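> predicted model and sequence below, questions to follow.
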Amino acid sequence: MGGNQSVPKITAQDRAILDLKLQRDKVKQYQKNLQAILDREEAIAKQHLEAGHKDRALVALRRRKYQQGLLLKTDGQLENLQQLVSSIEFSLVEVSVLHGLKQGNEVLKEIHKEMNLESVEKLLEETAEAREYQREIDEMLANNLSLDEEDAVQAELRELQAAVRAETEPSNDVQLPSVPTSEPLAAKPVAPEEQVERDSARVAIPA
Amino acid sequence: MALSTHTTTTGFLLPSIHSAPPFFTQQPHPTSLSIATEQWIQIILKYSRHRRLFTIRVEDSETTGHDWDEVLRNERINRKVLPSYLSYILAQMVSQKLAAYEPPKQDRSVLIYWRLPEEWAEVLHEWVSSTGHLNTIMTFYEITDPPIESPLSGLPIPLLRQAITILSKTNRAQMIAIADGEGVRFFPSTGKA
C-alpha cells in the first residue's frame, strides 16, 4: 500500500486516445439525434398528408432526405475515427510485444555470456578424460583380479590332478564332462564338483 | 375487508399493504410510522430494481405520467403519497445509506442505491474484464451506453464515478481527464487486497 505504484502513468498517448474516443462518442450521439429527428419528420409528413397539406408534407420529406444523407456521411466519419482508434491501440500492443522480445533477448544474451563455447568444450573434454581414466583404472583392477584368479586356479588344478592320479589309477576323473555310460562313473563327477566348490570358496577370500 | 396484492402493467407485484388506504398517509404514531416507512422503502427499492430506475424526486408525487406512477399512486382506492410524506421517506432512505441526495446539498431528489456503490464497483470491473476492455482507455459514454446491453446500461454518471473511485482505491481503475471530457482505464485485480 505505497500509493499508486501498480498503476501506470498516464502518457500523452493515453490522452490522445481518450480524445479520439470522446470524438467518436460525440459522433455516435449526433447520429442518435439525427435518427430521432428523422423519425419525427416522417411523423410530421404523415400528419400533413392527412391534413391535406401536400406541399408541407413534401417539404418535410425533403428535409428528411437531407438528414438521411447527413447520417450516411457521419457513418463514414465514425468509421474513420474507429479505424484510427483501433490502429493506435494495435500499435501500442505491437510496441509492448517488441519490448517483451527485446527483454527476452537481453536475458538470453546474459545467459550465453556465462555459458560461452570454449568453456563448454573444455568442460566436455575434461569430463571425457576423467571418464577414460576411470575406465582404465577399472580395467586394471579387473585384470588384476582375473590374473590372480587364473594363477591360483591353475596351480590348484595341477595339485588336484597329481593327487587324483595318485589315488586312483584309472583316469576316469579326467573325463569329467563325458556322458555317464556306466553307473560307477556317476559317483565320480560329484567329487570334482565338491573340489571346485571348495576352490571357489578359497578363491573368494583374496578378493 | 380483504387486502390483495396487485400486479402492475410492468409486471411488478405490489404487496397487499399497498391496497390499504392508511398506507398512503403519514401516520402520527411513531411505531406505525416506522413500520409503514420501512414498507415504503422496501417497495421503492424493489421497484427501482425491477425497472432499473435510479432516481426518485419529491416532484414525482406531485406530477403524473412518469415512472413512479404505479407505486406512488393507487387509483383503485383513490390514494396517493403526499409530497411531505415522500420527502420524509427519502430522508429516511438517505439516513440508512440506501440512497443519496444527488445533486448534493438539496433534498428534493435522490439517487437510489438498490445496489450499493461497492457492488456496482464489482459489477463494473467484472463487465470490463469479461468484455476485454482491461488496460484500454474508456469513456463514460462507452460504459453507460454500450452497443450491447450490459448490467451497467443507463447507470447515472455520479454513481459510475463513485464506483470508479472505489475501484481506484484498490488500484483497479484510473481516471483520466482532458479538456474535452473524462475517461477511465481499468486494470486487472492483482489478487492482493
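Received it, and whenever you're ready, just let me know what you need. Numbers count the residues shown, from 1 in each chain, chains lettered A, B, ... in the order given.
> looking at this, B:Ile143 is in a helix?
Yes: the assignment for B:Ile143 is a helix, going by DSSP: H, G, I helix; E, B strand; the rest coil.
> that one contacts B:Leu155, correct?
Yes: counting by Cβ atoms under 8 Å, B:Ile143 touches B:Leu155, with 7.2 Å between them. Backbone N, C-alpha and C define where each C-beta goes, glycine included.
> low pLDDT regions in chain B?
Where chain B drops to pLDDT under 70, the residues are B:1-2, B:191-193.
> residues from it in reach of chain A?
B:136-139, B:141-142, B:168, B:171, B:174, B:176, B:178, B:180-181, B:183, B:185, B:187, B:190 (Cβ under 8 Å from any Cβ of the partner chain).
> which residue, other than its chain neighbours, is closest to B:Glu62?
Of all residues not flanking B:Glu62 in the chain, B:Pro83 sits nearest, at 5.5 Å (Cβ to Cβ, 6 or more residues apart in numbering or on different chains).
> looking at the residues of chain B next to chain A, which are in strands?
Judged by DSSP state E, strands contain the following of the residues of chain B next to chain A: B:137-139, B:174, B:176, B:178, B:181, B:183, B:185.
> name the helices or strands packed onto the strand or helix carrying B:Leu45?
Assigned by DSSP states H and E, B:Leu45 belongs to helix B:30-51. If contacts are counted by 3 or more Cβ pairs under 8 Å, 6 or more residues apart in numbering or on different chains; DSSP states H and E, helix B:30-51 sits against helix B:69-72, helix B:83-95, strand B:109-112.
> how about residues contacting the following helix or strand past the first one?
Using DSSP H and E, the helix or strand that directly follows helix B:69-72 along the chain is strand B:73-74. Contacts made with strand B:73-74 from outside it, assessed by Cβ atoms under 8 Å, 6 or more residues apart in numbering or on different chains, are listed as B:18-19, B:24, B:64, B:79-81.
> just the buried residues from the residues you listed, in ChimeraX please.
For the buried members of these, the matching ChimeraX selection, counting by 16 or more other Cβ atoms under 10 Å in any protein chain shown, is:
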select /B:18,19,24,79,80,81
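> ok, the contacts of strand B:73-74 vs chain A, which is closest?
Nearest to chain A among the contacts of strand B:73-74 is B:Thr64, at 24.2 Å by Cβ to the nearest Cβ.
> next up, the contacts around that closest one.
Here B:Thr64 is in contact with B:Arg73 (Cβ under 8 Å, 6+ apart).
> can you tell me the SS state at it?
With three-state DSSP as the criterion, B:Thr64 reads coil.
> export the ones in strands among the residues of chain B next to chain A as a markdown table, with columns for neighbour count and distance to A:Ile44.
A markdown table is the format used below for these (neighbours: other Cβ atoms under 10 Å in any protein chain shown; distance: Cβ to Cβ, whole Å):
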| residue | neighbour count | distance to A:Ile44 |
| --- | --- | --- |
| B:Ile137 | 26 | 41 |
| B:Met138 | 21 | 38 |
| B:Thr139 | 23 | 34 |
| B:Gln174 | 20 | 47 |
| B:Ile176 | 17 | 43 |
| B:Ile178 | 14 | 40 |
| B:Gly181 | 17 | 34 |
| B:Gly183 | 27 | 38 |
| B:Arg185 | 22 | 44 |
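> B:Ile176 contacts A:Gln13, correct?
No: look at B:Ile176 against A:Gln13 with Cβ under 8 Å: they stay out of range, at 11.3 Å.
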